Each structure stands twice: as C-alpha cells, then as structure tokens.
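Chemist: need the 3D shape of this:
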Amino acid sequence: MSKLQKILVRARRQVFSEMVGNNPSIFQGEGYDFIELREYMPGDDIRHIDWNITAKMQKPFIKIFREERELSVVVVSVLNGSVHFGSKRFKQEAIAEVAALLGFSTLKNGDLLSSYIFTDEMVSHAKPSKKLSSVQKSVEEILSFDAINKKVDFKFIADTLFKRLKRKSLILIIGDYFEIPDFRLLARKHEVLSVIVRDHLEENPPEMGFASLIDPQSGAVLEGDFNASSVRTYSQKVAAHDHRLFERLRRDGIRFTKVYTDSIAGVKLRRLFEGR
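Modeler: Modelled structure (predicted):
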C-alpha cells in the first residue's frame, strides 16, 4: 500500500468509523435551528407537526425551523522547506494526514471543502467541492510537492486569502510555524485556526558533536560542534519562539494546536474543535 493510500485509509477510518458514536465528526454538523411553533396551515410539511402540542391544543401545530447555512471550510497547507524533516516521518506527511482528516470531516458534515497549498507563493488551489475525490487530490498534491528550498511568506498567505475568500469561512492553516504570522485582519473576516506540525527532534535535538547540517529551506550548510551547551541554547530559542507565537495567536483570537509527527492527529483536532 502506498504512502498516499495509508494516509487516506487511516484518516477515513478515523472520521467515518472510529469517531461514530462519541464524536461523529471534528466539526459541528449542519442542521436546523428551531424558531417557534405555529398553527398548521395547508401546504405545510406534515413531517414538522409537533404531535405532543397538537394533542394538547386539539388542533395541529408545526415547528418552524431556520435552516443553517452550510459551512465553507478552507484547508491551507504551508509547505516551506523545513517541513522536509522528521525523525519518525516527515512533517510533510503529518500535514497530509491532518489535511485528510479535516477534508473527510468536512465532507461527512455535508460542508464545502476547498484547499490551498502555499509557500511564499500560491502553489495550488482546489475549488469548493463535496466530492471525496477532492480529499485524495489534495493529499496527493501535498505528498508529491517538492518543498526543498521553498520559503514561507505568511503576509502573502493572509493577504491572498483575505482577497480571494468572499464568503465567511472556517480557515485551517497547517504548517510548522517557525515564523510568526499576522492573521489579525484575516481573523476579523473569517474564523481562523492554526495547526502547528512539529517533530520532537527539532525542538530538543540530541548532542551530535561536530557535524554539518543543511537548512532545507535556504540550502545553507551549518557546520559546528553541537554539544550539550549549544543544543540546550537552541532548544531554549525554540521555546522562546513558541512562547511569542502562542501569545500572538491568542492576541489575534486564533485558536491553535500542536501536532507532532508521532501524535495521533485526530485526537488533537477533536480537542481543538471542542466547544466551537
């Protein structure tokens, strides 16, 4: 079974099988809001008759509903060079799995799914769809994309989405967030959520002694003695960066979660959406 098939099968199983019962979907479902009761009139849908009230009042009453609009869900994958890293699997694969889970959950809810891939430019865009094939196409694009030497430009991403998305949407932006975004304006128009994909090894690397490392984003070679002191300093810088990142996201009203490459992504996503 290919990597693509494994991700799709695992994601579909979580969304369509394992989540059934306690938590049928990541998203809140579409449906109808109950507004009021009124006396039945010829032409009304008899399926909406409230039989308890009808029996008490001795004449037919029906429930009036307001139909909720279907949700527009936009899944954005940010594939700069640093996603080409991972101790168990690449972050790029974890991003593909998150996109698959979000895609299948969207379709299970009957909502509209559209997807984007960004670096410092817009790589691809899939129009809103309710077809299962749209999830497979999106995941396939993420897995096959060559992220090496690609940079990220969060300002370009935010400006592009702000201009292109006319309808209020739920936007999920998946990336490793080693740069701090400004989604404030985008979050005033839409609901924006961030999924931060990381690998434990890049946050807490082991001592490696003298070594040469290649930055997959810039291609630069970094040589040095990666001893206990230097890797501890690096870990502290990553922690300080994440502290600033979380503060910025909270200040802009953006909820977020961190998914590691060895995490069970479905569990993290359900927690993110609890209470939405």
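
Chemist: now do the helices in the protein.
Modeler: Here the chain has its helices, by DSSP state H, at 3-13, 51-57, 91-108, 132-144, 154-164, 184-189, 200-203, 228-251, 265-273.

Chemist: which of these sits closest to His125?
Modeler: Set against His125 and scored by CB to CB, the helices of the chain come closest in helix 154-164, at 8.0 Å. Every C-beta, even on glycine, is put in place using the N, C-alpha and C of the backbone.

Chemist: in the closest one, what counts as buried?
Modeler: Within helix 154-164, the residues that count as buried by 16 or more other CB atoms under 10 Å are 154, 157-158, 160-161.

Chemist: what bits of this structure have low per-residue confidence?
Modeler: Counting by pLDDT under 70, the chain has low-confidence residues at 17-35, 43, 65-69, 275-276.

Chemist: for it, list the residue farthest from the centre, please.
Modeler: Farthest-out residue of the chain from its mean C-alpha position, per CA atoms, centre = their mean: Gln58, at 51.1 Å.

Chemist: returning to that earlier point: deepest in the core, which of the helices of the chain is it.
Modeler: Scoring the helices of the chain by mean neighbour count under mean count of other CB atoms under 10 Å gives helix 91-108 as the most buried, with a mean of 26.

Chemist: looking at it, Val123 is touching Phe145, isn't it?
Modeler: Yes. Between Val123 and Phe145 there is a contact under CB atoms under 8 Å: 6.8 Å.

Chemist: list residues touching both of these two?
Modeler: Counting by CB atoms under 8 Å, 6 or more residues apart in numbering, the residues touching both Val123 and Phe145 are 79, 117.

Chemist: of the two, which one has the most company?
Modeler: Comparing Val123 with Phe145 by neighbour count (other CB atoms under 10 Å), the higher total belongs to Phe145, at 20 against 17.

Chemist: tally of neighbours for the residue nearest to the more buried one when sequence neighbours are not counted?
Modeler: Spatial nearest neighbour of Phe145, chain neighbours left out: Leu79 (5.3 Å); criterion: CB to CB, 6 or more residues apart in numbering. A count of nearby residues for Leu79, using other CB under 10 Å, gives 25.

Chemist: same question, Val15
Modeler: 25.

Chemist: gap between it and Thr106?
Modeler: 9 Å (CB to CB, to the nearest Å).

Chemist: now the one residue sitting closest to the centre of the chain, which residues is it bridged with?
Modeler: The residue lying closest to the centre of the chain (CA atoms, centre = their mean) is Leu172, at 3.9 Å. Beta-bridge partners for Leu172, by DSSP bridges, are Val75, Leu193.

Chemist: tell me how far it lies from Arg164.
Modeler: Distance from Leu172 to Arg164, by CB to CB: 16 Å.

Chemist: ends of stretch 246-255, how far apart?
Modeler: Its start and end residues considered, stretch 246-255 measures 9 Å (CA to CA, to the nearest Å).

Chemist: hmm, who's touching that stretch?
Modeler: Residues contacting stretch 246-255 (CB under 8 Å, 6+ apart): 180-184, 187, 192-194, 256, 272.

Chemist: pop out the phi and psi values for the residue nearest to Phe145.
Modeler: In terms of degrees, to the nearest 10, the main-chain angles of Leu79 are phi -120, psi 60.
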